[in-house]
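Asker: output the structure for:
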Amino acid sequence: HLGRTQVYFMVLCFAGPAASGIPKKVVGAIGGSVIFPLNLSVNLVDSIIWVFNSATLVTIQPKTADKNALIIVTQKRNTERVNFPHEGYSLKLSRLTKNDSGVYRVEIYNSTLQDPLTQEYELHVYEYLSKPKVIIGLQENKNGTCVTNLTCSMEHGEEDVTYSWKSLDQATNESHRGSILPISWRWEKSDMTFICMASNPISSNSSNPIFAQNLCEEIIEEKKELDTHQETLHFPPISEEMPEYDTISNFNSVIPEENPANTIYSTVHIPPKVTEPHSLPMSSDTPRSCTDNNVI
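Answerer: Below you'll find the predicted structure:
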């Protein structure tokens, strides 16, 4: 009676998942290992069979009072990959490859049951993600604003990969979901940094940072050249070698009439004509005394 109670307990445990047809999700990494859990009392259990994609993987005859458990691995290549930790019947599968992904099923047989108890597991084996790459879309310059798209992707192993972005600057820290990040950045603003993050169920990795100032460098140069050209048109530079001239105003104007009240006159007495040679005027370089001139 006690034995049948234990068997009915097993029926209650496995009827739910088996009846719903929903397998348990198990994930693993290439080169790693996974465990398919099986919590089971082996009383009155005749045999346990693990099946992978309709092919028998392992057959187990639980130990009894008079003999040890017998474990038979069907395929020789799996002999070193199959293990049952802690002397239980949960299956551990090591050295995973991509080809190990698929549906696993455990079947528990008992002579008192017409059909075996079953439980299914769905294994997905993933790669550890490498650094994602970023593709820069066509850039546009809209009134001094750099407009473009950044697209994040993986060179391989894109199964169940999700993407997100971080936009960092001195004031904000924004996030964006999806592989495509639209950018609108004005060249005179503080520089921004964009980082793509890729994740799958076993790993995550980030791209190298992308700086808006480098991304929009061509547009910035175009803007600077335009500003320099406009400045040259409005403010021509003065050459250091160009001489400076004073401007003379009223060049063609009529000379103003003299004002008698502000005019100074002088009278110069011209000496009589000299006839003697020795009385010739001295050279301008020879000092001489001043003649008496009456100045009014």
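Asker: show which residues not belonging to stretch 49-60 make contact with it.
Answerer: By Cβ atoms under 8 Å, 6 or more residues apart in numbering, the residues outside stretch 49-60 that reach it are 36, 47-48, 69-75, 78, 82, 84, 89, 91, 102-107, 109, 116. Any C-beta I mention is one placed from the backbone N, CA and C, and that applies to glycine too.
Asker: let's go with 10 Å and repeat that
Answerer: The contact list for stretch 49-60 (Cβ atoms under 10 Å, 6 or more residues apart in numbering) reads 36, 38, 42, 45, 47-48, 69-75, 78, 81-82, 84, 89, 91, 93, 100-109, 116, 118, 120-121, 123.
Asker: take these and keep only those in strands.
Answerer: Under the assignment DSSP state E, the contacts of stretch 49-60 contribute 36, 47-48, 70-73, 82, 91, 93, 102-109, 118, 120-121, 123 to strands.
Asker: what subset of the residues you listed is buried?
Answerer: 36, 48, 73, 82, 91, 93, 104-108, 120-121, 123 (16 or more other Cβ atoms under 10 Å).
Asker: among these, which pair sits farthest apart?
Answerer: Across these, the longest distance by Cβ to Cβ is 20.3 Å; it joins Val73 and Glu120.
Asker: quickly list what the closest residue to Lys24 other than its chain neighbours is bridged to.
Answerer: Setting aside the residues directly before and after it, Lys24 is nearest to Tyr121 in space (Cβ to Cβ, 6 or more residues apart in numbering), at 4.9 Å. Going by DSSP bridges, Tyr121 is paired in beta bridges with Lys24, Tyr104.
Asker: is it true that Gly190 touches Phe211?
Answerer: Slight slip there: residue 190 is Ser, not Gly. No - at 11.1 Å, Ser190 does not count as touching Phe211 under the criterion of Cβ atoms under 10 Å.
Asker: what residue, apart from its backbone neighbours, is nearest Leu40 spatially?
Answerer: Tyr89 (5.8 Å).
Asker: domain ranges for the protein?
Answerer: Domain ranges of the chain: 2-126, 133-233, per automatic domain parsing.
Asker: save those domains as JSON lines, and put in mean pLDDT too.
Answerer: As requested, those are exported to JSON lines (pLDDT from 0 to 100):
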{"stretch": "domain 2-126", "mean pLDDT": "82"}
{"stretch": "domain 133-233", "mean pLDDT": "83"}
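Asker: pull the contacting residues for Glu217.
Answerer: Neighbouring residues of Glu217 by Cβ under 10 Å, 6+ apart: 139, 146, 187, 211.
Asker: out of those, who's the most crowded?
Answerer: Among these, the one with the most neighbours (other Cβ atoms under 10 Å) is Cys146, at 23 neighbours.
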